[in-house]
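Structure of the sequence below:
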Amino acid sequence: MLKEFKEFAMKGNIVDLAVGVIIGGAFGKIVTSLVNDIVMPLVGLLVGKVDFSNLFIALGNGEFKTIQEAKNAGVATINYGLFINNIIDFLIVAFSIFMVIKQINRFTKKKEEKPAGTKKICAYCYSEIHINAIRCPNCTSELN
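Purely as a prediction, here's the structure:
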């Protein structure tokens with residue numbers, strides 16, 4: 001059973017998937033930092049110096065200036081500002097993945113468009129000839 005697991009774990013697809021997950025996690029952290037540290041402060045500045053990470057609705061008695069104050073008081077909150085941050089985070093990741101897939105498809109399409117098999121090799125003289133040839137132009141052998 002251990003041998004089977006080792007064979008499974010070392011297959012190329014599993015290793016590729018693991019690398020993809022690790023790189024995806026690191027990319028996610030970069031995008032989250034981009035959203036939280038650069039994009040949202042600029043958006044907040046444009047809409048009137050609003051800190052989106054601190055927009056919330058307290059579901060209890062009392063007024064709280066920050067989410068942390070409400071949490072410390074044991075009051076539940078609806079953190080719609082953080083939700084907006086996460087939506088923008090998702091849109092940036094989704095757009096980035098779209099651009100990568102678009103480029104991969106562009107490169108793949110070019111490979112498929114190349115005519116496959118316009119030449120063949122003569123069985124007698126091993127020279128390259130047109131695929132539809134019935135006689136080799138070099139050695140004049142009849143081809144099957």
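
Which residues does the one helix or strand in the chain whose mean pLDDT sits lowest contact?
One helix or strand of the chain scores below all others by mean pLDDT, DSSP states H and E: helix 2-9, with a mean of 77. By C-beta atoms under 8 Å, 6 or more residues apart in numbering, the residues outside helix 2-9 that reach it are Ile14. Where you see a C-beta, it was placed from the backbone N, CA and C, and this is true even at glycine.

Format the CA atom coordinates belonging to it as PDB.
Only the C-alpha atoms of helix 2-9 are listed here, as PDB (Å, rounded to 0.1, in the frame of the first residue of the first chain):
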ATOM      1  CA  LEU A   2       2.900   2.400   0.800                       C
ATOM      2  CA  LYS A   3       4.400   1.600  -2.600                       C
ATOM      3  CA  GLU A   4       1.100   2.400  -4.400                       C
ATOM      4  CA  PHE A   5       0.800   5.700  -2.500                       C
ATOM      5  CA  LYS A   6       4.300   6.600  -3.500                       C
ATOM      6  CA  GLU A   7       3.600   5.900  -7.200                       C
ATOM      7  CA  PHE A   8       0.400   8.000  -6.900                       C
ATOM      8  CA  ALA A   9       2.100  10.900  -5.200                       C
END
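
Okay, Ile38 and Cys122: tell me how far apart.
64 Å (C-beta to C-beta, to the nearest Å).

residues touching Asn85, list them.
Counted by C-beta under 8 Å, 6+ apart, Asn85 has contacts 35-36, 40, 52-53.

closest to Ser96 among those residues?
Among the contacts of Asn85, Val35 lies closest to Ser96 (C-beta to C-beta), at 12.0 Å.

thought the closest one was touching Ile87?
No. With contact defined as C-beta atoms under 8 Å, Val35 does not reach Ile87; the gap is 9.5 Å.

Mind checking which of those two has more residues around it?
Counted by other C-beta atoms under 10 Å, Val35 and Ile87 do not tie: Val35 has more neighbours, with 23 against 11.

what are the ranges of the helices in this structure?
Assigned by DSSP state H, the helices in the chain fall at 2-9, 12-34, 40-46, 67-72, 80-113.
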